[in-house]
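Asker: predicted model, plus sequence, below.
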Amino acid sequence: MTDIAPAALLRAMFDAAIASAQPALRIPAFLHDFLPEPPAGRLVVIGAGKASAEMAKAVEAHWPGELSGLVVTRYGYGAPCTRIEIVEAAHPVPDAAGLAAAQRLLALVQGLTEDDLVLCLISGGGSALLPLPLAGLTLEDKQQLSRALLRSGASITEMNCVRRHLSAIKGGRLAAACHPARVVNLLISDVPGDNPIDIASGPTIGDPTTCADALDIIRRYGLALPPAVLDLLQSGRGESVKPDDPRLAGVSTHIIAAPQQALEAAARVAAAHGVPAHILGDAIEGEAREVGRVMAGIARQVAAHGQPFAPPCVLLSGGETTVTVRGQGRGGRNVEFLLALAVALQGHPRIHALAGDTDGVDGLEEIAGACLAPDSLARAYAQGIRAADALADNDGHGFFGALGDAVITGPTRTNVNDFRAILVL
């Protein structure tokens, strides 16, 4: 048995995962390794994402030389900086503040020289925070696209493929605008597989996908989009900057924090409390409810047969699941996962769980996720709430909020994707 209450252990593991990806911890070593001395010209700092302001703050704290710049982050995720301007905008559906910030970022890198260096700080959330559309599209078109994608069940890779081909700044276009300056990308990964092109839709990364790929995704999910969007893709005018483009020759990319590191940090906390932890994968995708059912089967096998691991143990996983929205509830992929897990486990007396997004926001709610206990279904039933009904209505936040089991972190100012921990005693 563990020396700590199950809910407390799960929360300590989640907190450790978040702490391991803090920019203040990750930035200094990378600055030392990749920017050992000032450039001959200017150092310009740009960036976007939920962690970008905190990344900028860490750069300022550890770079003694001259610099200037602009980064855009989510409302409430700002950080105090003196030399780098911080702009806040909307996420996950973009707004006019994000549009204006994207325009300013592009203007900021105009006219740079070979002596200049651009330090680009990118993290998850940057896609919505840089909603600059290609000519012929409007912000309203991008907002309609975002809402359709978020409800469709498309993976993050698929969503970002579409976004890149409708953007004037993503898909390598921002890096091309920096040419001939050198560009150093420091990325915090929130995507399965840590592919840089999928982190904030790759504004400074060459894109191997095409307009045809984007059209295939739109057709696959039956997305109803404005005619201007379809026309732009069908004409090929939305083609992105490719990896072999000579303007990208001076770009180097480094991932400074990733989901695997966060899971390893959580595993160390479990081990310190006498519970072995097993990482099942850092890039698990699929419908959240289906992943929940599969994880429930694995947890039951552990509890009943000690396979593939003997209890007590913790099963850890990360990645980014999806939710095809059919109900009217207050959803979120992590609480959707937990609801499906709860329904499948039916109050198993030895299994507890926590699932949350390391950025502190699950879906559209300022709630990171929730905890599941063996008595969760019984406590809900006593209030007249059935987990299966909540799952059918995509109402995970409503379900766990009624139980008082929501996990609320506030702005974490980092983002290494979803965190799932199942404790089998």
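Answerer: Perfect, I can see it now.

Asker: state the phi and psi torsions of residue 6.
Answerer: phi -50, psi -50 (degrees, to the nearest 10).

Asker: and the residue nearest to it when sequence neighbours are not counted, helix, strand or coil?
Answerer: Spatial nearest neighbour of residue 6, chain neighbours left out: residue 352 (4.1 Å); criterion: Cβ to Cβ, 6 or more residues apart in numbering. Bear in mind the C-beta positions are built from the backbone N, C-alpha and C, glycine included. Three-state assignment for residue 352 (DSSP: H, G, I helix; E, B strand; the rest coil): strand.

Asker: how far out from the middle of the chain is the helix or strand containing residue 298?
Answerer: Assigned by DSSP states H and E, residue 298 belongs to helix 288-305. When distances are taken as Cα atoms, centre = their mean, to the nearest Å, helix 288-305 is centred 24 Å away from the chain's centroid.

Asker: give me the contact list for that helix.
Answerer: Residues outside helix 288-305 that contact it (Cβ atoms under 8 Å, 6 or more residues apart in numbering): 280, 284, 307-311, 313, 315, 317, 321-323, 333-334, 336-341, 343-345, 348, 350-351, 353, 391, 420, 422, 424.

Asker: restricted to helices, list these.
Answerer: 333, 334, 336, 337, 338, 339, 340, 341, 343, 344, 345, 391 (DSSP state H).

Asker: separation between the last one and residue 342?
Answerer: Looking back up the chat, that one is residue 391. 8 Å (Cβ to Cβ, to the nearest Å).

Asker: comparing those two, which residue is more hemmed in?
Answerer: Under the neighbour definition other Cβ atoms under 10 Å, residue 391 and residue 342 were set side by side, and residue 342 has more, 29 against 23.

Asker: what's the neighbour count on the residue nearest to the more buried one when sequence neighbours are not counted?
Answerer: Here the nearest residue to residue 342 in space, its sequence neighbours aside, is residue 387; by Cβ to Cβ, 6+ apart that works out to 5.0 Å. Neighbours of residue 387 under the rule other Cβ under 10 Å: 26.

Asker: relative to residue 31, how far out is the residue nearest to residue 6?
Answerer: Residue 352 is 40 Å from residue 31, where distance means Cβ to Cβ.

Asker: which ones are touching residue 352?
Answerer: 6, 7, 10, 371, 372, 373, 374, 422, 423, 425.

Asker: can I get these in JSON lines with neighbour count and pLDDT?
Answerer: Below are the contacts of residue 352 laid out as JSON lines (neighbours: other Cβ atoms under 10 Å; pLDDT from 0 to 100):
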{"residue": "6", "neighbour count": "21", "pLDDT": "97"}
{"residue": "7", "neighbour count": "16", "pLDDT": "97"}
{"residue": "10", "neighbour count": "28", "pLDDT": "98"}
{"residue": "371", "neighbour count": "23", "pLDDT": "98"}
{"residue": "372", "neighbour count": "30", "pLDDT": "98"}
{"residue": "373", "neighbour count": "19", "pLDDT": "98"}
{"residue": "374", "neighbour count": "17", "pLDDT": "98"}
{"residue": "422", "neighbour count": "26", "pLDDT": "98"}
{"residue": "423", "neighbour count": "25", "pLDDT": "98"}
{"residue": "425", "neighbour count": "15", "pLDDT": "97"}
